[in-house]
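In: Quick one: sequence plus predicted model below, questions after.
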Amino acid sequence: MKKLYPKVNSSETYDFLEQIFNNTYDGIVILTLDGDWIKVNDSICNLFGYARHELFNMNIENIVFREDLGVHQRKYERLMQGKIEGYRVRQRYFHKDGSIIWFLISVSLIMNKNGEPSNMIWQFSDITGRKRNQDKLKMMLNVVREQNERLTSFANIVTHNLRSHSGNLSSIAEFLEDDNATLKNDENFDFLKKAIANLEETVSHLTDVAKTKVVDESQIVNLNLYDYVEKSIYNITAIAKNTNTTIINYIDEDLCVKAIPAYLDSIILNFLSNAIKYRSDKRLPKIRLTATVQDDYVIFKVGDNGLGIDMEKYGDKLFQIYNTFHSNKDAIGLGLFLTRNHIESLGGKVIVTSEVDVGSEFSIYLKSA
């Protein structure tokens, strides 16, 4: 059976299209190829604050922000040459009340019966709020960057001065001990020497922390992850053998990441040594190393069957400086802090899953080469 459609006369069609044109949220303008306005919808009047007759009786360039007068030129030429079907630009205009409005303008052509361009359609989307938020964000980032630079300078000065003072104290203590042999048996003097040694160790840690910062992109190179893992495993062979630790490397031999050689060495060694350090006495230690590619990242995983960490209790403190979570006497709570900073300075991140007395898995996200 033939389907019947209701007849619509041309005047009804015109009224229907006119309603669509005027009730569209974004501003729509039909212009000549020379840029004269032929038709505007109600949204344009609302966006600019002018009545129709006011818009038609003014030169559009009078309300364009001066620095944005030429933003269409290059793309318009390509449009007229048929190299592109349309284009978008961001352009600022003055509202009738004098305020500045940011618009995202989409431009396309209207063709005549011969397939030649006759007019243009410009669609105006108000992005003023978005631009203000972007500008605020840029300003905040600049403030944060300046503050970070000041803090880095401050940290460098403080650590340098502390290192000098602690060195002087250590030298003075040695001179006093050389000049007065009885001090060797003096308990208070022994406490003083230990305090100076602790101060020097703390200054050394602070110096390492102060050096951690965002690296220059030019320092980052493509590195074979498998090779670096194998080198790190070799470096801790003696420790692994003494603790009966099995380390299995499942990483693809051709997998590469973007990193700084010294940082990648440090990252791998830290996670491997931690996995051995926090092993469980209830079972033979086993470390499993894997890597997969996800989007622009290589996810390098270090899994162990060690003591594990109570993530509900310590999860948000895991990478904070000087935090330790086991009774290991060698732990100072600095390694994970520095390691995370190295990873983040390379544009990556680290995620931890762990269960007490089952083991831990660290997922290190590094940019894929």
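Out: Structure's in. What do you need? Numbers count the residues shown, from 1 in each chain.
In: chain center to the longest helix anywhere in the chain, what's the gap?
Out: Ordering each helix of the chain by length in residues (DSSP state H) puts helix 128-179 first. Chain-centre distance of helix 128-179: 22 Å, with CA atoms, centre = their mean, to the nearest Å.
In: try stretch 280-297
Out: Worked out by CA atoms, centre = their mean, stretch 280-297 lies 25 Å from the chain centre.
In: same question, stretch 292-302
Out: Taking mean C-alpha positions (CA atoms, centre = their mean), stretch 292-302 and its chain are 16 Å apart.
In: quick one: average pLDDT of that stretch?
Out: The pLDDT scores in stretch 292-302 average 94.
In: What's the end-to-end length of that stretch?
Out: For stretch 292-302, the first-to-last residue distance is 12 Å (CA to CA, to the nearest Å).
In: any chance you could map the helices in the chain?
Out: Using DSSP H, helices in the chain cover 10-23, 42-48, 52-56, 73-80, 128-179, 187-211, 225-235, 237-242, 261-277, 311-314, 335-345.
In: For the longest one, which helices and strands make contact with it?
Out: Here helix 128-179 is seen to pack against strand 100-111, helix 187-211 when contacts are counted using 3 or more CB pairs under 8 Å, 6 or more residues apart in numbering; DSSP states H and E. For the C-beta atoms, the positions are set from N, CA and C on the backbone; glycine is no exception.
In: any chance of the ones you listed in JSON lines, plus mean pLDDT, mean neighbour count and distance to Y228?
Out: As requested, these are exported to JSON lines (pLDDT from 0 to 100; neighbours: other CB atoms under 10 Å; distance: least, CB to CB, whole Å):
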{"stretch": "strand 100-111", "mean pLDDT": "93", "mean neighbour count": "16", "distance to Y228": "46"}
{"stretch": "helix 187-211", "mean pLDDT": "72", "mean neighbour count": "14", "distance to Y228": "21"}
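In: between those, which gets nearest to F271?
Out: helix 187-211 (17.2 Å; CB to CB).
In: you'd agree H342 is up against I268?
Out: No: using CB atoms under 8 Å, H342 is not in contact with I268; the gap is 10.6 Å.
In: what touches both of those two?
Out: Where contact means CB atoms under 8 Å, 6 or more residues apart in numbering, no residue is in contact with each of H342 and I268.
In: if we can go back for a sec, with respect to T353, which of the helices of the chain lies nearest?
Out: When these are compared by CB to CB, helix 311-314 sits nearest T353, at 7.5 Å.
In: List the buried residues of that closest one.
Out: Neighbour counts using 16 or more other CB atoms under 10 Å place no residue of helix 311-314 among the buried ones.
In: What of stretch 294-301?
Out: Residues of stretch 294-301 classed as buried: Y297, V298, I299, F300, K301 (neighbour count, 16+ other CB under 10 Å).
In: now could you export just the CA positions of it as PDB?
Out: Extracted in PDB, the C-alpha atoms of stretch 294-301 (Å, rounded to 0.1, in the frame of the first residue of the first chain):
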ATOM      1  CA  GLN A 294      47.100   1.400  27.400                       C
ATOM      2  CA  ASP A 295      46.400   4.500  25.200                       C
ATOM      3  CA  ASP A 296      49.600   6.700  25.500                       C
ATOM      4  CA  TYR A 297      51.000   4.900  28.500                       C
ATOM      5  CA  VAL A 298      52.900   1.800  29.400                       C
ATOM      6  CA  ILE A 299      51.700   0.400  32.700                       C
ATOM      7  CA  PHE A 300      54.600  -1.200  34.400                       C
ATOM      8  CA  LYS A 301      53.500  -3.400  37.300                       C
END
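In: Give me the neighbour count for I239.
Out: By other CB atoms under 10 Å, 13 other residues sit near I239.
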